[in-house]
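Participant: Any chance you could fold what I've pasted below:
(4 chains)
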There are 2 protein chains.
Amino acid sequence: MCIAGGRVEDLTATKAPHITSQSSDRTMVRRVMTHDHLFYQGDERDFIYVVQSGWVKLYRTLIDGQRQVVGFANPGSILGLESDGEHTSGCEAITAATVRAIPVSRLAEVCRQDAAFAEHILRQIGRQLGAAQAQLATVGAQSADQKLATFLLSIADLCNVSPAGDFDLPMRRGDMAEFLGLRLETISRKMSDFQRRGWITMTSLYHCRLVRREVLEDLAAGGDLEDATMLRVS
Amino acid sequence: MCIAGGRVEDLTATKAPHITSQSSDRTMVRRVMTHDHLFYQGDERDFIYVVQSGWVKLYRTLIDGQRQVVGFANPGSILGLESDGEHTSGCEAITAATVRAIPVSRLAEVCRQDAAFAEHILRQIGRQLGAAQAQLATVGAQSADQKLATFLLSIADLCNVSPAGDFDLPMRRGDMAEFLGLRLETISRKMSDFQRRGWITMTSLYHCRLVRREVLEDLAAGGDLEDATMLRVS
DNA sequence: CGCGCGGTTGATCAACCTCAACCCGCGTGG
DNA sequence: CCACGCGGGTTGAGGTTGATCAACCGCGCG
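Facilitator: Predicted coordinates:
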C-alpha cells in the first residue's frame, strides 16, 4: 500500500493522460479509474476538485501505517478545501469517477468575483465540517454495532436506497473499517451478525438490502441526535 | 447534565445580561463564565461567534447520553459555521470567555461586500475541517497512550508552552476523555502512568510540565503525518 | 493450475470499560 | 468550629469488546 508523500511525479505522470476536456474557464475534467489516486497526502495542493460522478475516499496515513478514512465523497462534494499548502489527506477513487479540477490560483479570484459561488463553497465546506463532526461522534462514542448501523443507513440514503431497501455498497470492507475505526474482521463479523439476525441481506458482496430498517435505526439512535450524513451533495 | 434541544428560552434569558457592548456594525461582544453555554445543540443558529478570549468546547450529545467533544476553540476561532438552520453541537465555555457575535443574517451580506473577510472565513473553516479530520485519525486509529500524547502536545502548543515545558490544561479530565473517545478513568490512569514514567509532571491539576517531550512525540508519532492541531487561531 | 486478492470464521488475548471505593479541597450551614 | 455534602480526581478488581493471528474459502486471471 502506498504511503503518502513524495508522489508528485507519479501524480503528474498519471494526470496528463486522463485530462479529457479543458474548457475555456481553465478548469478541466479528470477521469479516474477505481483505485486511482486524485492526489496523495503531502502533494502540493494545486487544484481543488468537484466530484461529478462516482465515489472517492479521503484518508490519512499515520506514521505507523495505520490509516483513517476521513470521508467518502460522492457527486457534488468539493475536495481539497481543508488545507492550504499541501494536501493533508490522500484521495483515492473507490469507483470509476470524474471530477472537475479548479486551479487554486483561480479560486480566490473566483470567490472575489462570483459571490454566489463563494457562498456555495462556504456552504459545502460547512456541510463537510458538520459531517466530520458527526463522524467524530460515531467513531468516538459508539460501539461496533452502532457504528455499522449508522454507516449502513447513511450509505443507503446517499445511494438512493430503493423502496425495497436495496442499495449499493461501493467500498470494500477494509474501507468501511478504516472509516469507522474498526478492523475489517470486525466489519465482516458484524455484517454476518446483522444478516444472521435478519436485519439485512447481502444480495452480493457489494449490494445490500435493508430488511429491518427500524432495528438499525434504533441501534444507530444510540447515535447522534443529528443525522450522521457524510460528505453529501448540496 | 443538559441534553440539547429546547433550551432556547434559557439561552435568551442568560444572553441579555451578558451583552457588554454593541458596536455600530450590529455585532456585539458577549461575556460568558466557566460552564456557561454560548448555545445548545438544536438551538436556532442566529449568530456565529468569533472567540476573543478564553476557551470553549464544542460537543455533541447522542440519544443514549454519550457525548463527544468535537473541538476546543481558543481566541481567533469562528464558531457556528458547520451548520445551517440549527446548531449541530452545543458550545460551553471551559474558562471565562468573551466572543463577538455576528448575526447570520448579516453574514451573507458581509461575504458579498467584503471579499477579504469571506476569504478569511473560508480559511478558518478549512482549518477547522482539517483539524476535525486530524482528530478523526487520532480518535479512530490511535491507542489510549498515543491519543493522550497527541493531545498533550497539541494543547501545549496552543497554550504557548514555556521554554521549561510548562503549560495550562484548561479543561477537566472528563472533557479530555470525551474529546479522545475514552473514559475519564482511562485519562486519569494514563496521566498517572506518564508521570510515573517521568514523561510529565503535574504541578497542579490544571497545570502540566513536559519533562520528556521527545518521548511523547515518539508516541504521538505513531500518530499523524501532519500536526494534529485543533481549532487554532489563523 | 497456481496465485493473489478480498472476504469469512475461529481461538485467544489484552486494552479499555465498568463499577465501586476512596481521597481531597471547598463551600455551607448548624 | 466542625460536620457534611459535593464536585472532581484517583485507584483497584473484574468483565467485555474488539484486536490479533491464523486458517480457509471463492473467484478471477495469467
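Participant: show me what contacts A:Val161?
Facilitator: Residues in contact with A:Val161 (C-beta atoms under 8 Å, 6 or more residues apart in numbering or on different chains) are A:Phe167, A:Leu210. Where you see a C-beta, it was placed from the backbone N, CA and C, and this is true even at glycine.
Participant: Tell me the secondary structure at it.
Facilitator: Assigned with DSSP: H, G, I helix; E, B strand; the rest coil, A:Val161 falls in the coil class.
Participant: One more: the one 3 residues further on?
Facilitator: Using three-state DSSP, the secondary structure recorded for A:Ala164 is coil.
Participant: what ranges do the strands span in chain A?
Facilitator: Using DSSP state E, the strands of chain A run over A:19-22, A:28-32, A:37-39, A:47-53, A:56-61, A:67-73, A:78-79, A:90-93, A:97-103, A:166-168, A:200-204, A:207-210.
Participant: What mean pLDDT does the fourth one get?
Facilitator: Averaging the model's pLDDT scores along strand A:47-53 yields 94.
Participant: in that strand, what's buried?
Facilitator: Neighbour counts over strand A:47-53 (16 or more other C-beta atoms under 10 Å in any protein chain shown) mark A:Phe47, A:Ile48, A:Tyr49, A:Val50, A:Val51 as buried.
Participant: Bridging across strands, which residues link to the last one?
Facilitator: It stands for A:Val51. A:Val99 (DSSP bridges).
Participant: I'd like to check which residues are in contact with it.
Facilitator: A:Val51 touches A:Ala73, A:Asn74, A:Pro75, A:Gly76, A:Ser77, A:Ile78, A:Leu79, A:Ala97, A:Thr98, A:Val99, counting by C-beta under 8 Å, 6+ apart.
Participant: dump the residue contacts of the last one.
Facilitator: If a contact means C-beta under 8 Å, 6+ apart, then A:Val99 has A:Val29, A:Arg30, A:Val32, A:Leu38, A:Tyr49, A:Val50, A:Val51, A:Gln52, A:Val56, A:Leu79 as its contacts.
Participant: how about the residues of chain A that lie near DNA strand C?
Facilitator: A:Arg172, A:Arg173, A:Gly174, A:Leu184, A:Glu185, A:Ile187, A:Ser188, A:Arg189, A:Met191, A:Ser192, A:Met202, A:Leu205 (C-beta under 7 Å from any atom of the strand).
Participant: Show the pLDDT at the first one.
Facilitator: The pLDDT attached to A:Arg172 in the predicted structure is 97.
Participant: Also the fourth one?
Facilitator: For A:Leu184, the model assigns a pLDDT of 97.
Participant: what's the distance between it and B:Ala144?
Facilitator: 22 Å (C-beta to C-beta, to the nearest Å).
Participant: low-confidence ranges in chain A?
Facilitator: Chain A contains residues with pLDDT under 70 at A:1-26, A:223-234.
Participant: Go through chain A and flag its longest helix.
Facilitator: helix A:115-141 (DSSP state H).
Participant: could you check whether it is close to chain B?
Facilitator: Yes: using C-beta under 8 Å from any C-beta of the partner chain, helix A:115-141 reaches chain B at A:115, A:118-119, A:121-123, A:125-126, A:128-130, A:132-137, A:139-141.
Participant: out of the residues you listed, which are buried?
Facilitator: The neighbour-count criterion (16+ other C-beta under 10 Å) marks A:115, A:118-119, A:121-122, A:125-126, A:128-130, A:132-137, A:139-141 among the residues of helix A:115-141 next to chain B as buried.
Participant: residues from chain A in reach of DNA strand D?
Facilitator: Residues of chain A that fall close to DNA strand D, judged by C-beta under 7 Å from any atom of the strand: A:Ser143, A:Ala144, A:Asp145, A:Gly181, A:Leu182, A:Arg183, A:Glu185, A:Thr186.
Participant: contacting residues for the second one?
Facilitator: By C-beta under 8 Å, 6+ apart, A:Ala144 lies in contact with A:Leu180, A:Leu182, A:Thr186, A:Lys190.
Participant: Check the gap between A:Thr150 and DNA strand D for me.
Facilitator: Counting by C-beta to the nearest atom of the strand, to the nearest Å, the gap from A:Thr150 to DNA strand D is 12 Å.
Participant: Wait, A:Thr88 touches B:Gly130, no?
Facilitator: Yes: proximity of A:Thr88 to B:Gly130 meets the contact threshold set by C-beta atoms under 8 Å, at 5.3 Å.
Participant: Domain parsing of chain A, as residue ranges.
Facilitator: What automatic domain parsing lists as the domains of chain A is A:8-113, A:142-221.
Participant: can you put these in CSV and add distance to B:Arg67?
Facilitator: Listed next are these as CSV, based on distance: least, C-beta to C-beta, whole Å:
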stretch, distance to B:Arg67
domain A:8-113, 21
domain A:142-221, 12
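Participant: what's the closest of those domains to B:Asp84?
Facilitator: domain A:8-113 (16.0 Å; C-beta to C-beta).
Participant: Which residue would you name as the spatial centre of chain A?
Facilitator: Geometric centre of chain A, nearest residue: A:Phe72, 0.8 Å, by C-alpha atoms, centre = their mean.
Participant: which one of the contacts of A:Val51 is nearest B:Phe167?
Facilitator: Distances from B:Phe167 to the contacts of A:Val51, taken by C-beta to C-beta, are shortest for A:Leu79, at 35.1 Å.
Participant: Quickly note the distance from A:Thr201 to A:Ser154.
Facilitator: Per C-beta to C-beta, A:Thr201 is found 19 Å from A:Ser154.
Participant: Please say which of these two ends up with more neighbours.
Facilitator: A:Ser154 (21 against 14; other C-beta atoms under 10 Å in any protein chain shown).
Participant: now that one: how far from DNA strand D?
Facilitator: A:Ser154 sits at a distance of 18 Å from DNA strand D (criterion: C-beta to the nearest atom of the strand).
Participant: tally of neighbours for A:Met191?
Facilitator: Neighbours of A:Met191 under the rule other C-beta under 10 Å: 18.
Participant: Do I have it right that it meets A:Leu148?
Facilitator: Yes: A:Met191 lies in contact with A:Leu148 (C-beta under 8 Å); the separation is 7.1 Å.
Participant: contacting residues around the residue nearest to the centre of chain A?
Facilitator: A:Trp55, A:Val56, A:Lys57, A:Leu58, A:Ile94, A:Pro170, A:Met171, A:Asp175, A:Phe179, A:Met230, A:Leu231.
Participant: count of neighbours near the fourth one?
Facilitator: Burial of A:Leu58 is recorded as 28 neighbouring residues (other C-beta under 10 Å).
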